[in-house]
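**Student:** Curious how this folds, go ahead:
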Amino acid sequence: MDTVVSIKAYGENSPHALEQALAFIKKVDALVSRYEPGSDIYRINTMAGKKPVPVDKLTFNLIKEAVAYGDITGGALDVTIGPLVDLWRIPDAADRHLPSRGEIESRLQLVDYRQVILDSNKTTVFLPREGASLDLGSVAKGFAARGAVTILRREGVQSALVTLGGHVYALGNKPGRKTWQVGIQDPFKQDHIMATLNVTDLAIDTAGGYYRYKEINGEKLVHIIDPATGMPAGALASVTVITGDSFKADALATAVYVLGEEKGLALLQKERAAGIIVTRDGRILTTSNLKEKVPDFKLIGVETGGQK
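**Tutor:** Next comes the predicted model:
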């Protein structure tokens, strides 16, 4: 998943629970790493257009839920985005160039989550078009975090903070406090916090281009691709989603980033998730239910420094 993992767990059985939770995250990572030969996703992509691939039940359930979110988000979240992700993996070289419109259109023909064929009886996954490929980067962290939290709860842990990159789940209360305090990074200035949330039993997921982008001819190209246009999404600076389910938070954060402020806010309202949207010009938008979800919310603000 190409991210930093941190789990703080408290309680008598926390060392054992922590070990199991980390093992689960490592298993998910091994199953869904698309460039790792032998992983489930690598095999599915390699066999695209050829034959169905038997996969681990975890992989199957992850893909099944991700495909369902394709419907929920109107296609803004599309796990068959792999061909476009590969196209935009521009090397760090002096002669690098942007993909042509023809190259983008060609890859777009391979992107459609509705084409994924799932056989629950055989636990197989099939991509019927040769050249199609899955990329679960938009949901893998949320899936792994949710599983880790389930394990911690099962083992009796009542207080923990699970962090996978831009994804955080606050389990129970922080010892000595009523809540966990989570800071939201300013998308325009490194090491600056734009807001703090005091939360318990909530997932917080932030999507944005502030930590993963390439700059070509003065233009920042983020790693999140719009499945509708084939281009890097760029209308927003960052999106933070707060909800009770880690998978949902991860999926919606990516989808809202792709959709933009108006459609993104509508999606969050429909899914009853709270959110904070920062636009490229530094405006901060929040959902009407943010105070309800997070009564102790403090907005500090962003420092654009003239960036756009």
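
**Student:** Tell me, how many residues neighbour the residue lying closest to Leu22 once chain neighbours are set aside?
**Tutor:** Excluding the flanking residues, the one nearest Leu22 by CB to CB, 6 or more residues apart in numbering is Ile7, at 6.6 Å. C-beta: built from backbone N, CA, C; applies to glycine. Counted by other CB atoms under 10 Å, the residues lying close to Ile7 total 23.

**Student:** Quick check, pLDDT for Ile7.
**Tutor:** On pLDDT, Ile7 comes in at 96.

**Student:** So it sits against Ser159, correct?
**Tutor:** No: the pair Ile7 / Ser159 is not scored as a contact, 11.5 Å apart, by CB atoms under 8 Å.

**Student:** Could you report the pLDDT at Asp95?
**Tutor:** pLDDT, read off for Asp95, is 53.

**Student:** just the one 3 residues further on next, same as before
**Tutor:** In this prediction, Leu98 carries a pLDDT score of 84.

**Student:** Please apply the same query to Glu261.
**Tutor:** For Glu261, the pLDDT comes out at 96.

**Student:** got a list of what it touches?
**Tutor:** Neighbour list for Glu261: Ala235, Leu236, Ile277, Thr279, Leu285 [criterion: CB atoms under 8 Å, 6 or more residues apart in numbering].

**Student:** let's see it at 10 Å
**Tutor:** Residues counted as contacts of Glu261 (CB atoms under 10 Å, 6 or more residues apart in numbering) are Ala235, Leu236, Val239, Ile277, Val278, Thr279, Arg283, Leu285.

**Student:** Which strands and helices lie in contact with the helix or strand hosting the fifth one?
**Tutor:** Going back to what we said before, that points to Val278. For Val278, the host element (DSSP states H and E) is strand 274-279. Strand 274-279 sits against strand 193-199, strand 202-208, strand 236-243, helix 246-259, helix 261-270, strand 284-286, helix 290-293, strand 297-299, with contacts defined as 3 or more CB pairs under 10 Å, 6 or more residues apart in numbering; DSSP states H and E.

**Student:** Pull out the buried residues from the contacts of Glu261.
**Tutor:** Leu236, Val239, Ile277, Val278, Thr279 (16 or more other CB atoms under 10 Å).

**Student:** any idea which of these is closest to Val199?
**Tutor:** Val239 (17.1 Å; CB to CB).

**Student:** give the contact list for the closest one.
**Tutor:** 187, 205-208, 224, 233, 252-261, 264, 268, 275-278, 285.
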